[in-house]
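Student: 3D model of this:
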Amino acid sequence: MKKFRIGQIVPSSNVTMETEIPAIFRSRETILPERFTFHSSRMRMKKVTKEELEAMDAMSLKCAQELSDAHVDVMGYACLVAIMSMGRGYHCVSEVNLHQETIANDFPTPIVTSAGALINGLKVLGAKKVSVITPYMRPLTDLVVDYIEHQGFEVVDSIALEIPDNLEVAAQDPMNLLEIYKRLDLTGVDVLVASACVQMPSLEAINQIQKEVGIPVISAAVCTTYEMMKKLGIEAKAAIGGELLSGKY
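Tutor: Have a look, this model is predicted:
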């Protein structure tokens, strides 16, 4: 039985990444033999504003060093909007910079950003048109939409819940998404992103929404977990988390 250490670079006010991502890995443990432990390092951030996100991102390199000290097997950077608000394609820059920190610390470690993982998840699913739900203020949501479209996808529609306080984002009932998604235009849409944020809970609702809409439904947390499994070289499969982790794609 092989054991893996999962490292997470987490905004200080984020409490969802350390619940949803382990939950998906734990569900995998019910069907496959590998086992996982979880280890976090935090970056200060309380309000989801462009200024706080930029300041927080600068702390990510120190977090990578700390997790590298623990010899984790993969690291996940848990703030999609922090990456996407830094400019088009920034997930590639961030992943290289974080990886370089682990090399300098004599323990090279695969890096996953939730922003890059969402983009990769859409590619894995062969998506062309998507609709997106975010908890962000509309200007930040527009940056997310622009970022996704710059990566080659058409965003048909988006919902911005406009919640600036990050702990309030975490306090949202994921089952509310069963009604929220109905406000989206899904005409011609290939994939629905139920939560483009690893802080906004969605895991409990994803499978139900997917049954109702009949297209793949994903989230930043689901895609991040999928990408971590791929980086670890293990089968990307779990008992929960929508079609992306079901082995069908």
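Student: So which residue is smack in the middle of this protein?
Tutor: Ala220 (2.9 Å; Cα atoms, centre = their mean).
Student: which stretches of this structure form helices?
Tutor: Secondary structure of the chain (DSSP state H): helices located at 17-29, 50-57, 60-69, 80-84, 90-104, 114-124, 138-150, 166-170, 177-180, 203-213, 220-232.
Student: so which of those helices is the most packed in?
Tutor: By mean neighbour count, with neighbours taken as mean count of other Cβ atoms under 10 Å, helix 80-84 ranks first of the helices of the chain at a mean of 28. All C-beta spots, glycine's among them, are computed from the backbone N, C-alpha and C.
Student: circling back to that earlier point, could you tell me the least trusted of the helices of the chain?
Tutor: Ranked by mean pLDDT, the helices of the chain bottom out at helix 50-57, which scores a mean of 80.
Student: Show me what it is packed against.
Tutor: Helix 50-57 makes packing contacts with helix 80-84 when contacts are defined by 3 or more Cβ pairs under 8 Å, 6 or more residues apart in numbering; DSSP states H and E.
Student: Other residues contacting the helix it packs on?
Tutor: Contacts of helix 80-84 with the rest of the structure, by Cβ atoms under 8 Å, 6 or more residues apart in numbering, involve 11, 45, 48, 53-54, 56-57, 77, 90-91, 94, 113-116, 118, 134, 136, 140, 143-144, 147, 196-198, 220.
Student: Distance from it to the middle of the chain?
Tutor: In this view, helix 80-84 has its centroid 10 Å away from the chain centroid, taken as Cα atoms, centre = their mean, to the nearest Å.
Student: go on, stretch 132-150?
Tutor: Here stretch 132-150 shows a centroid-to-chain-centroid distance of 14 Å under the convention Cα atoms, centre = their mean.
Student: shouldn't the residue nearest to the centre of the chain be in contact with Cys197?
Tutor: Yes. In this structure Ala220 lies within contact range of Cys197 using Cβ atoms under 8 Å: 5.8 Å.
Student: so Tyr77 bridges to which residues?
Tutor: Ile9, Thr113 (DSSP bridges).
Student: what sits against the residue nearest to Thr225 when sequence neighbours are not counted?
Tutor: Leaving out its chain neighbours, the residue that sits closest to Thr225 by Cβ to Cβ, 6 or more residues apart in numbering is Ile24, at 4.4 Å. Taking Cβ under 8 Å, 6+ apart, we find Ile24 in contact with 203, 221-222, 225, 238, 240-241, 245.
Student: Please apply the same query to Lys47.
Tutor: Neighbouring residues of Lys47 by Cβ under 8 Å, 6+ apart: 164-166.
Student: Could you rerun that using 10 Å?
Tutor: Taking Cβ atoms under 10 Å, 6 or more residues apart in numbering, we find Lys47 in contact with 13, 53, 164-167.
Student: ok, it to Tyr90 distance?
Tutor: Look at Lys47 and Tyr90: by Cβ to Cβ, to the nearest Å, they are 20 Å apart.
Student: Report the separation between Val189 and Lys129.
Tutor: From Val189 across to Lys129, the span is 5 Å (Cβ to Cβ).
Student: which one of the two has more residues nearby?
Tutor: Val189 (22 against 15; other Cβ atoms under 10 Å).
Student: any idea how far Asp190 is from Tyr147?
Tutor: Distance, Tyr147 to Asp190, using Cβ to Cβ: 18 Å.
Student: Now do the shared contacts for Ala220 and Cys197.
Tutor: 16-17, 78-81, 114, 118, 134.
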